[in-house]
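**Q** Quick one, structure for this:
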Amino acid sequence: MKLERRLAEFVVTLRADEVPEDARRILRWMVMAVTGTGIAGAAEDGIEALRAVLAESGGTPQATALVYGDRLPANAAAQFNATMCRALDYCDAMAPGPHIGSALLPAAFAAAELAGGCSGSEFLAALAAGAELSSRLNLSEAQYDGFDPTGIAVVFSAAAAASRILGLTSEQTLHALALAFNRCGGSFQSHVDGSLGVRVVQGWVAQAGVQCAELARRGVTGPVNFLSGHYGYGHLYGRGTLDLDAVGEGLGTTWRLHRMVFKKYPSCGVTQGVTELALSLLEDGVSAEGLRAAEVRLPPYAFRLVGKPFDPGTNPRVDGQFSAAYCVANAFARRASKLAHFAPEQVLDPALRTLIDRITVVPDAALDARGHTAVDLTVHTTDGRSLRRSLDIAPGFPGADLDETQHRTRFDDCLAYAPRAIAAERIEQYLQALRALPEVADVRSLIPLLVA
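**A** Purely as a prediction, here's the structure:
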């Protein structure tokens, strides 16, 4: 069986009881990270504008906008929720950059409402299948070469989950995935320029996944050789170097969604390590007042994302999240790294700018051999000390996983920052349901718990 058909068959036939316990735990953490970030991001830049555009576009009310409770067409609800869930960039991630959950979960919720219901067991299988597909189709830094990994790899997650929940056959699912291939797109220039395009792409990915499943269910076909064809994924995005045999190897027995990342701090994944190092230096008596100079060394890929001189534009939160210098200065000055520290007024605090100017960020190709998140931080203090710290695996990345307490701390930080509060008892009901997801009769019962 060709790889494309194997993937479609996997989506359709996977049972919840075939998903191992450690993979279920990762999926639960993913759902917590995504929904927490969505609740916290409800009033971020661009969200109200998108809400207005979708309301003006109209259409059949099929699914729910989280937090607000608006009723929208299913693909529009997926788009809105995914954009909101990425707005603070505190959702799940995966090296070298795809954010799977913030498109996968909104697409799955929208499909569940569109389908008229979905058991927790089916929902878990859909999430697992979707997350695993994008994990397997995730590319290397060299293969992406500037493409936004979310826009390229994650559309398959959204399409897979929607197809499973809507009850598509394996043939229809094949065409949903093939149609999704034609929606791959997006550039890391959105991140480099500090634009709202970063979160907008997330919404487009979720919207496309639901719509591709809807089209395939009605008989619309896509290029069935979308991976292995002459102009398929392997050629266009894998740049002729993608090992397609490896994509399908161990499907259903070896789980690659274990590579998922959960950030300890609410900024870009490649700033996690340097933030951790800066905070660790506080224990050695380094303070903002006593910092004379600092140097951050990053792998070239990370440097291109977060190493440019700090020059905030019209979207200060994004500028702060994607600035290693800002993240280091914030850690020293505020002795923590929380969502509130990336609010525009905090990013633009003049008192912090003096500290940022003392921090130099440089690329170092030698760090590539140490890993995607390798970083060196050297600080020089006003009392004459020089201290150097190094880290190869940032917290929250595989090999330095967060524990249950840290995941709950992340989630609580989101709730504390949320502009529209949701009652604490409803939040606890939601978390309890997640812990017993396969036993939930209908996941639609979870959605009202996430409306303010």
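
**Q** Now do the strands for the stretch 251-400 of the chain: every range, in order, please.
**A** Taking DSSP state E, counting those that start in this stretch, the strands of the stretch 251-400 of the chain run over residues 261-262, 291-298, 359-363, 375-381, 386-391.

**Q** highest average neighbour count across these?
**A** Of the strands of the stretch 251-400 of the chain, the one with the most neighbours on average (mean count of other CB atoms under 10 Å) is strand 261-262, at a mean of 25. No exception for glycine: its C-beta is placed from N, CA and C like everyone else's.

**Q** Where does the prediction get shaky in the stretch 1-150 of the chain?
**A** By pLDDT under 70, the stretch 1-150 of the chain contains no weakly predicted segment.

**Q** if we go to 90?
**A** 1 (pLDDT under 90).

**Q** got a list of what N75 touches?
**A** 110, 207-208, 210-211, 214 (CB atoms under 8 Å, 6 or more residues apart in numbering).

**Q** repeat that for 7 Å
**A** 110, 207, 210-211 (CB atoms under 7 Å, 6 or more residues apart in numbering).

**Q** From these, pick the one nearest G167.
**A** V210 (13.9 Å; CB to CB).

**Q** coming back round to it: show me which of the contacts of N75 are buried.
**A** 110, 207, 210-211 (16 or more other CB atoms under 10 Å).

**Q** In contact with the most centrally placed residue in the chain, which residues?
**A** The centre of the chain sits closest to H99, judged by CA atoms, centre = their mean, with a distance of 2.6 Å. Residues in contact with H99 (CB under 7 Å, 6+ apart) are 86, 91-93, 150, 154, 202.

**Q** Scan those and report the most crowded one.
**A** Using other CB atoms under 10 Å as the neighbour criterion, V154 leads the contacts of H99 with 36 neighbours.

**Q** Can you list phi and psi of it for me?
**A** Torsion angles at V154 (phi, psi; degrees, to the nearest 10) stand at phi -80, psi -20.

**Q** same question, F322
**A** Dihedral angles (degrees, to the nearest 10) for F322: phi -110, psi 40.

**Q** immediately after the helix or strand containing E122, which helix or strand?
**A** In this assignment (DSSP states H and E), E122 forms part of helix 120-137. Where DSSP H and E defines the elements, the next helix or strand beyond helix 120-137 is helix 141-144.

**Q** Which strands or helices does that following helix pack on?
**A** Packed against helix 141-144 by the contact rule (3 or more CB pairs under 7 Å, 6 or more residues apart in numbering; DSSP states H and E) you find no helix or strand.

**Q** how about it: buried residues?
**A** Neighbour-count burial for helix 141-144 [16+ other CB under 10 Å]: 141, 143-144.

**Q** One more: stretch 154-167?
**A** Buried, per 16+ other CB under 10 Å, within stretch 154-167: 154-166.

**Q** Kindly report the same for stretch 116-125.
**A** 118-125.

**Q** quick one on the thing from earlier: out of the buried residues of stretch 154-167, the closest to Q172 would be?
**A** S163 (6.9 Å).

**Q** Over the one helix or strand that closest one maps to, what's the mean pLDDT, rounded is fine.
**A** Assessed by DSSP H and E, S163 sits inside helix 155-165. The pLDDT scores in helix 155-165 average 98.

**Q** Can you get me the start-to-end distance on stretch 365-378?
**A** End-to-end span of stretch 365-378 (CA to CA, to the nearest Å): 17 Å.

**Q** which residues are contacting it?
**A** 95-96, 270, 272-274, 277-278, 294-300, 386, 388-394, 397.

**Q** That stretch: how far from the chain's middle?
**A** 22 Å (CA atoms, centre = their mean, to the nearest Å).

**Q** Go through it and flag the buried ones.
**A** Neighbour-count burial for stretch 365-378 [16+ other CB under 10 Å]: 367, 370-378.

**Q** Let me know the closest of the buried ones among the contacts of N75 to S287.
**A** Taking CB to CB as the measure, S287 lies nearest Q207 of the buried ones among the contacts of N75, at 46.8 Å.

**Q** Which residue, other than its chain neighbours, is closest to E276?
**A** P395 (5.4 Å; CB to CB, 6 or more residues apart in numbering).

**Q** Send me stretch 182-197 as CSV with only the CA atoms.
**A** The C-alpha trace of stretch 182-197 is given here as CSV (Å, rounded to 0.1, in the frame of the first residue of the first chain):
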residue,chain,number,x,y,z
ASN,A,182,-2.6,22.2,-1.7
ARG,A,183,-3.1,24.5,1.3
CYS,A,184,0.4,24.2,2.6
GLY,A,185,2.0,27.6,2.9
GLY,A,186,3.4,30.4,5.0
SER,A,187,6.7,32.0,5.7
PHE,A,188,8.9,32.6,8.8
GLN,A,189,9.1,36.2,7.6
SER,A,190,5.9,36.7,9.6
HIS,A,191,7.9,35.9,12.7
VAL,A,192,11.0,37.9,11.8
ASP,A,193,8.9,41.0,11.0
GLY,A,194,6.9,40.6,14.2
SER,A,195,3.6,40.5,12.4
LEU,A,196,0.2,39.2,13.3
GLY,A,197,0.6,36.9,10.3
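
**Q** Just the buried positions in that stretch, please.
**A** Within stretch 182-197, judged by 16+ other CB under 10 Å, the buried ones are 183-184, 186-188, 190-191, 193-197.

**Q** Next, the residues that contact the helix holding E122 from outside, please.
**A** Taking CB under 7 Å, 6+ apart as the rule, helix 120-137 contacts 7, 10-11, 14-16, 19, 23-24, 27, 94, 98, 100, 104, 108, 112, 153-154, 156-158, 160-161, 164-165, 233, 247, 255-257, 259, 437-440, 443.

**Q** hmm, try it at 6 Å
**A** 11, 14, 16, 19, 27, 100, 104, 108, 153-154, 156-157, 160-161, 164-165, 247, 256-257, 259, 437-438, 440, 443 (CB atoms under 6 Å, 6 or more residues apart in numbering).

**Q** Dump the strands of the stretch 251-400 of the chain into JSON lines; add mean pLDDT and distance to L450 as well.
**A** Formatted as JSON lines, these follow (pLDDT from 0 to 100; distance: least, CB to CB, whole Å):
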{"stretch": "strand 261-262", "mean pLDDT": "96", "distance to L450": "19"}
{"stretch": "strand 291-298", "mean pLDDT": "98", "distance to L450": "36"}
{"stretch": "strand 359-363", "mean pLDDT": "98", "distance to L450": "38"}
{"stretch": "strand 375-381", "mean pLDDT": "98", "distance to L450": "35"}
{"stretch": "strand 386-391", "mean pLDDT": "97", "distance to L450": "35"}
